[in-house]
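> Okay, predicted coordinates and the sequence, questions at the end:
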Amino acid sequence: MTSTVSRKPSLLQSRIGGFPRAFWVLFGGTFVNRLGTMVEPFIGVYLTQSRGMSLAAAGLVMAVFGVGSLFSQLIAGWLADHVGRRATLTGGTVATGVCMVALGYSTSLPGIVAAMAVLGLVLDAYRPASQALVADLIPAHDRPRAFGLLFWAINLGFAVAMVAGGALAQSGFLWLFWIDAVTSIVFGFLVWRAVPETRPERGHDAPGFREVLKDRLMVTYVVITLMYAFVYLQSYATLPLAVTGQGLSTAAYGLAISVNGILIVIVQPLVGPWLNRHDPGRTLAAGMAVVGAGFALMAFVSTTAGYAGAVAVWTLGEVVTAGMGGAVVAALAPPHLRGRYSGMFGFAWSAGGLLAPLAGTRLLALGHSVLWITVGAVGVLAAVGQFVISPAIRRRSAS
């Protein structure tokens, strides 16, 4: 008599096992792409120091970029459904590479504005296609784990890029543009050569975003995501101003915000499999609540250690949300509309990126505590809204 003994998967297998080769190509390309993300964090410094622009002029140019990125997600989402995931991702990354080089060599204000406008349209155009690819390739029960791994790759690559970009900028900003361009094109090349097209047949779906906007649950989720993005993006919009406004140095901000990247890289792989066993909607709500509480804590700190502690709190919330947002979008979207649903999700983040500095700086002008208590309250409100719609998301994903 023979018996079969089922072997429990190893720790490594439980975290990275079971995914198709195409996913790992996407993972590797995403990591390479983020390794080269050196221009965007330093664009304000580049415009003012290398191109001699005033703060007002640099702000206008960056606003043009922001408007472009706002529409980027909608256009790219539509293209992912109509042209294809692979073509949209590759086209966006190659166009990003070309724009990076063009911007690096532009010296006139009209040239810089034009390059920044186009760059805003194409820089993150890969995101809806990438999310749709994951939803197409990975079964529903494993999507939080897959999106979580991509989240980890993005943060690890970006952490390295920030350190390397800061050092290379001292030797000349042109290095940053070329590295960003090359890594973007490598990402697109990898996907084009090794990832199959996964777009389902379109059938007779409505053009544009009519079907997405008719989905009340998705629209509600987009609004909640916008609120959460507004909260989270204060970490780059107003947190540096708040830190230096209390007499601390920019190095203090750098030290405090570095806690974010360190914790994500270390903690997320450890807790990801455990989090993936829970309902994505409720898990996302819990993470949003912790993020809101962490930002509210900054109303009561004034030292580097205090800010680092508050950053650690909201980073733990961010780790909880890792991968869940994309998994919820994939659960809500019909297969032939995954690009557009992902585009709407990305639109919420882009809109949050525009609103965060506009409203955040005005709140900061009213007072340090006013800013962080208000931001924390918005985060908790987003968490409540997410918790309320979680049963509907669960029913949709089960249907």
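Structure's in. What do you need?

> OK, contacts around Ala296?
372-373, 375-377, 379-380 (C-beta atoms under 8 Å, 6 or more residues apart in numbering). For every residue, glycine as well, the C-beta is placed using N, CA and C.

> Using PyMOL, define a selection of the buried residues within the residues you listed.
Filtering those down to the buried ones (16 or more other C-beta atoms under 10 Å) takes a single PyMOL command:
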select buried, resi 372+373+375+376+379+380
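
> Go through the contacts of Ala296 and name the one nearest Ala327.
Gly379 (20.2 Å; C-beta to C-beta).

> Can you read off the pLDDT for that closest one?
If you check Gly379, the pLDDT there is 97.

> Can you say which helix or strand has it in it?
In the assignment (DSSP states H and E), Gly379 maps to helix 368-398.

> can you pull the buried residues of that helix?
Buried residues in helix 368-398, counted by 16+ other C-beta under 10 Å: 368, 371-376, 378-383, 385-387, 389-390, 393, 396-397.

> Equivalent analysis for stretch 43-55, please.
43, 46-47, 51, 53.

> Hmm, Phe345 and Gly325 touching each other?
Yes: at 6.9 Å, Gly325 and Phe345 qualify as touching, with contact defined as C-beta atoms under 8 Å.

> who touches both of these two?
Residues touching both Gly325 and Phe345 (C-beta under 8 Å, 6+ apart): Thr225.

> Check the offset of stretch 73-90 from the chain's centre.
17 Å (C-alpha atoms, centre = their mean, to the nearest Å).

> Likewise for stretch 31-39?
Distance of stretch 31-39 from its chain centroid, counting by C-alpha atoms, centre = their mean, is 13 Å.

> And stretch 170-183, by the same measure?
22 Å.

> One more: stretch 209-226?
Taking mean C-alpha positions (C-alpha atoms, centre = their mean), stretch 209-226 and its chain are 18 Å apart.

> and what of stretch 239-248?
For stretch 239-248, the distance to the chain centre is 25 Å (C-alpha atoms, centre = their mean).

> which parts of that stretch are buried?
Neighbour counts over stretch 239-248 (16+ other C-beta under 10 Å) mark 239-243, 248 as buried.

> how about the strands in the stretch 1-150 of the chain?
For the stretch 1-150 of the chain, applying DSSP state E, counting those that start in this stretch gives no strands.

> which regions of it sit below the pLDDT cut-off?
Residues of the stretch 1-150 of the chain meeting the criterion pLDDT under 70: 1-17.

> circling back to that earlier point, format the contacts of Ala296 as JSON lines; extra columns: distance to Thr107.
Listed next are those as JSON lines, based on distance: C-beta to C-beta, whole Å:
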{"residue": "Trp372", "distance to Thr107": "41"}
{"residue": "Ile373", "distance to Thr107": "45"}
{"residue": "Val375", "distance to Thr107": "39"}
{"residue": "Gly376", "distance to Thr107": "44"}
{"residue": "Ala377", "distance to Thr107": "46"}
{"residue": "Gly379", "distance to Thr107": "42"}
{"residue": "Val380", "distance to Thr107": "47"}
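
> what's the farthest-apart pair in the contacts of Ala296?
Longest span within these, C-beta to C-beta: Trp372 and Val380, 12.5 Å.

> Quick check on Ala322: phi, psi?
When quoted as degrees, to the nearest 10, the phi and psi of Ala322 stand at phi -60, psi 120.

> and it, how far is that from Phe151?
According to C-beta to C-beta, to the nearest Å, Ala322 and Phe151 sit 4 Å apart.
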